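In: take a look and give me a structure for this.
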Amino acid sequence: MKTKSLGFIGGGRITKIILTAFGKSGTKFDTIVVSEVSIEVQAALKAKFPEVIVGADNLKEVVACDVLIVALHPPMIMETLSKIKGLLSEKTVLISLAPKLTIEKISSALGGFANIARMNPSASTIVNKGVNPVTFSPKMEGKTKETILNLLKPLGTSPVVVEPKIEAYAMIAAMGHTYYFFQLQKLKELAVSYGMDEDEARNAITEMLWGTTDTLFKSGLSYPEVIDLVPLKPLADVEETINGYYDQYLNGLYNKIKP
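Out: Sure thing, here's the model as predicted:
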């Protein structure tokens, strides 16, 4: 199976991220169709991706694509699934990007349709470095799974996981960016204020981050040994408070999004 046509239900943020990643990688499709009800979102998509066919009343065209990506929030999905029930070809693969809704629930809403995958996308997909875990319906054929994994390669890495881990990846790999964006921006601003230029600051922070993760996870040292490598810890007094925020906010959200 070769993916010649790609459909999206929902043309918002994540659809733009995925289309940008495909564009940067040079991935081509014969047809890309997006179903989106918002006039403003339609206009933004057409302006950025002129090759994409966008409309509000084109569900039949979208579901006829080889791969259909449902890029909607969970509250909107069930109503949409009821609209496309019975329209899907057996050869079409439906990929849901939403947390909480299991493959079993999606299949049931579609009258037993089984060619379903779930993927949790991350923002770094926009630079072809996303961590986008995928889980497949147990009824999906091996060749079809291979086709989907090949389709997803330009987006970054796509580890195949058991379904209950999708929400864990959402908390760590997808939302994880937001735990660091503001901190890294602040480090860059401080670096510039200390005399680095913008390029020096960006490069230093990028290399520091790669080294940090490799030291923590690949050095073979225990956590206390890693911590002992740097004698001066300017934020030591607030580490316990920050850890408390992680427990408070992340655990609460995880309990809300898991099935």
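In: return the set of buried residues in the helix or strand bottoming out on mean pLDDT in the chain.
Out: When each helix and strand of the chain is scored by mean pLDDT, DSSP states H and E, helix 74-84 comes last, with a mean of 90. Judged by neighbour count using 16 or more other Cβ atoms under 10 Å, the buried positions of helix 74-84 are Ile77, Thr80, Leu81, Ile84. Quick note: C-beta positions are derived from backbone N, CA and C, even for glycine.
In: nearest to Ala98 among those?
Out: Nearest to Ala98 among these is Ile77, at 5.7 Å by Cβ to Cβ.
In: strands along the protein, start to end?
Out: 5-9, 31-35, 53-55, 67-70, 93-96, 116-119, 130-131, 134-136, 156-157 (DSSP state E).
In: which strands or helices does the fifth one pack on?
Out: What that stands for is strand 93-96. Under the contact criterion of 3 or more Cβ pairs under 8 Å, 6 or more residues apart in numbering; DSSP states H and E, strand 93-96 touches strand 67-70, helix 103-109, strand 116-119, helix 142-152.
In: same thing with the first one?
Out: Secondary-structure packing of strand 5-9 (3+ Cβ pairs under 8 Å, 6+ apart): strand 31-35, helix 59-63, strand 67-70.
In: low-confidence ranges in this structure?
Out: Counting by pLDDT under 70, the ranges of the chain that qualify are 1.
In: spatially central, which residue of it would that be?
Out: Pro121 (0.9 Å; Cα atoms, centre = their mean).
In: quick revisit: for the helices and strands packed on strand 5-9, give me CSV that also has distance to Leu229.
Out: Listed next are these as CSV, based on distance: least, Cβ to Cβ, whole Å:
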stretch, distance to Leu229
strand 31-35, 49
helix 59-63, 53
strand 67-70, 44
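In: coming back round to it: how about JSON lines for the strands of the chain, with mean neighbour count added?
Out: Converted to JSON lines, the strands of the chain look like this (neighbours: other Cβ atoms under 10 Å):
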{"stretch": "strand 5-9", "mean neighbour count": "24"}
{"stretch": "strand 31-35", "mean neighbour count": "23"}
{"stretch": "strand 53-55", "mean neighbour count": "17"}
{"stretch": "strand 67-70", "mean neighbour count": "25"}
{"stretch": "strand 93-96", "mean neighbour count": "24"}
{"stretch": "strand 116-119", "mean neighbour count": "23"}
{"stretch": "strand 130-131", "mean neighbour count": "23"}
{"stretch": "strand 134-136", "mean neighbour count": "21"}
{"stretch": "strand 156-157", "mean neighbour count": "16"}
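In: quick one: which of those is nearest Glu61?
Out: strand 31-35 (5.2 Å).
In: what lines up beside the closest one in the sheet?
Out: strand 5-9 (parallel), strand 53-55 (parallel) (DSSP bridges).
In: tell me which of those strands lies nearest to Val162.
Out: That would be strand 5-9 among these, by Cβ to Cβ, at 25.5 Å.
In: which residues are contacting the closest one?
Out: 15, 18, 29-36, 59, 61-72, 80, 84 (Cβ atoms under 8 Å, 6 or more residues apart in numbering).
In: and if you look at stretch 163-177?
Out: Under Cβ under 8 Å, 6+ apart, the answer for stretch 163-177 is 99-100, 102-103, 118, 120-124, 131, 133, 135, 161, 250, 253-254, 257-259.
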